[in-house]
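>>> fold the following.
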Amino acid sequence: MKRRRFLVGAGSLAAGSAATLGTGAFSSGSIERGMKAHVANDTNAYVQLTRCGGAKHITYRNGRLVLDFTNATPPSNNKDYSTSATGLNDEAVSCFNRVFVARIKDPDPQTLPPSPTYKYRGWISTDVPYAVSFYQGQHPSRSVTGRTHTRDFKLPGPGGGGGCDCSGEEGADDEGQGDEDHGNQYIRFPVGVCIDLRRTPSVNPGDNILAGKHFTLHVEKVHV
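Below is the predicted model:
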């Protein structure tokens, strides 16, 4: 009985081999084609990274967004500041709402109402997770730090407003209400930042504690 089952299996394998190696079937090839791509600034790329309205903690270096907490120049209309801040408090947690926003311009139509079959999700990793964390909009409890904390890029929907500048006006959707900008559709992912200096190595006033450190925004399209 065992031998019969073995022979049947061997016969099936031989038949498969004959089909694979039969004459007239295409076996291999090498086709060369051209490629081209443009590199764009973060403000103009497929995934755009821009400051949220009047956020003062963003600079750009060679077209790339950089989080900058070395000199928090206050908004000109904010009378609560007597001077410009020059850094973060030591042995403290400092959080900043809606520092920047990630936007996808003209997203895949399959992600749009009325019957989306896909959606975009995002999360952020960093090489200093003990000191820097990221969250959605103005809600530190809605972490987007780490693969287990993905959040949706929001599509246009009821209760709009918010605008693509994340300015925080009354009625804005912190979770990322879809935006219209000069006839182009955007879905967005506003991000806040917390910096925890309670567990960092000893620092002194004036130290650039995040020099050479990076964060990475991860974006994926997933089936609904």
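>>> burial count for Cys52?
Cys52: 25 surrounding residues under other C-beta atoms under 10 Å. All C-beta atoms are positioned from the backbone trio N, CA, C, and that covers glycine.
>>> how about low-confidence regions in the chain?
1-23, 71-85, 155-185 (pLDDT under 70).
>>> ok, Asp196 - contacts?
Asp196 makes contact with 93, 130-133 under the criterion C-beta atoms under 8 Å, 6 or more residues apart in numbering.
>>> at 7 Å what do you get?
Contact analysis of Asp196 by C-beta atoms under 7 Å, 6 or more residues apart in numbering lists 93, 131.
>>> ok, now Ile209?
200, 203.
>>> relative to Lys56, how far out is it?
Noted for Ile209: a distance of 18 Å to Lys56, by C-beta to C-beta, to the nearest Å.
>>> count of neighbours near the residue nearest to Arg142 when sequence neighbours are not counted?
Spatial nearest neighbour of Arg142, excluding adjacent residues (C-beta to C-beta, 6 or more residues apart in numbering): Gln136 at 4.0 Å. The local packing of Gln136 (other C-beta under 10 Å) involves 23 other residues.
>>> swap in Asp68?
Using other C-beta under 10 Å, Asp68 has 15 other residues around it.
>>> restricting to C-alpha, output stretch 102-120 in CSV.
What follows is stretch 102-120, C-alpha atoms only, in CSV (Å, rounded to 0.1, in the frame of the first residue of the first chain):
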residue,chain,number,x,y,z
ALA,A,102,1.9,64.4,6.0
ARG,A,103,-0.3,64.7,3.0
ILE,A,104,-1.0,62.4,0.0
LYS,A,105,-2.0,64.3,-3.1
ASP,A,106,-4.5,62.8,-5.4
PRO,A,107,-4.7,59.4,-3.6
ASP,A,108,-5.7,56.2,-5.3
PRO,A,109,-9.4,56.4,-6.3
GLN,A,110,-9.9,53.0,-4.6
THR,A,111,-9.4,54.7,-1.3
LEU,A,112,-12.1,57.4,-1.8
PRO,A,113,-15.8,57.4,-1.0
PRO,A,114,-18.5,56.3,-1.5
SER,A,115,-17.1,52.7,-1.5
PRO,A,116,-13.4,52.6,-0.6
THR,A,117,-11.8,49.2,-0.9
TYR,A,118,-8.4,50.5,0.4
LYS,A,119,-7.1,53.1,2.9
TYR,A,120,-3.8,54.7,3.7
